[in-house]
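Q: below: sequence and its predicted model.
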Amino acid sequence: MFKIITKADVLLFLVLLAVGAGSLVSAAAGRTDTGYAVISRGSTVILSHPLSEDCAVYLYPEEEPVVVPGADDWHETAPGRTEPAENVLLIQNGELRMAWSTCTNQICVNTGSIRETHQAVICLPHRLSAEIRERSGAGGVDAVSY
């Protein structure tokens, strides 16, 4: 009728609880607080910037990116410029998003914010990609196959 909980049942429960808590801590530690936004045009990396430093990145065709510290007060045009940028990327609170683009389909803008390692925002018309990568030396083995 009634089942009695034994010491082995309690021990098994505690072990499973510890394993679950350990996996949650491990997942939280895998967040990209120390990651970098790597921005490429075609196959050429044009900028690598830490996610821990908020900024607005203005991208003009055939020019070096213009990085402006802080991401709260951004506009389509970089400070000191008169023409709008082709793309504006915002790095804010450890996240990366495409805030502005002159492309017609706006898929890159509608992607929203990314925050996890190996996620990317891509603007195909401008051949631009922005990916989150781990800080060098911070990565380990992702998987092992036999």
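A: Thanks, I have it.
Q: can you list the weak-confidence ranges in the protein?
A: Scanning the chain for pLDDT under 70 picks out 1, 25-34, 136-144, 146.
Q: that one: helices as residue ranges?
A: Assigned by DSSP state H, the chain shows helices spanning 7-29, 107-110.
Q: need these in CSV with distance to Pro50 and mean neighbour count, can you?
A: Where C-beta positions appear, they are placed from N, C-alpha and C, glycine not excepted. CSV is the format used below for the helices of the chain (distance: least, Cβ to Cβ, whole Å; neighbours: other Cβ atoms under 10 Å):
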stretch, distance to Pro50, mean neighbour count
helix 7-29, 18, 10
helix 107-110, 22, 16
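Q: Ser48 is nearest to which of those?
A: helix 107-110 (19.0 Å; Cβ to Cβ).
Q: what lies in contact with that closest one?
A: Helix 107-110 has contacts (Cβ atoms under 8 Å, 6 or more residues apart in numbering) with Asn87, Met98, Ala99, Trp100, Ser101, Val121, Ile122, Cys123, Leu124, Leu128.
Q: contacting residues for the nearest residue to the first one once chain neighbours are set aside?
A: Translated: Asn87. Distance criterion Cβ to Cβ, 6 or more residues apart in numbering; nearest residue to Asn87, sequence neighbours excluded, is Leu59 at 4.3 Å. Contact analysis of Leu59 by Cβ under 8 Å, 6+ apart lists Ile39, Arg41, Ile46, Pro65, Val66, Ala85, Glu86, Asn87, Val88, Leu89, His126, Leu128.
Q: list buried residues within these.
A: Ile39, Arg41, Pro65, Val66, Ala85, Glu86, Asn87, Val88, Leu89, His126, Leu128 (16 or more other Cβ atoms under 10 Å).
Q: beta partners of the fourth one?
A: According to DSSP bridges, Tyr58 are recorded as the beta-bridge partners of Val66.
Q: and if you look at the last one?
A: Using DSSP bridges, the beta-bridge partners of Leu128 come out as Arg41, Cys123.
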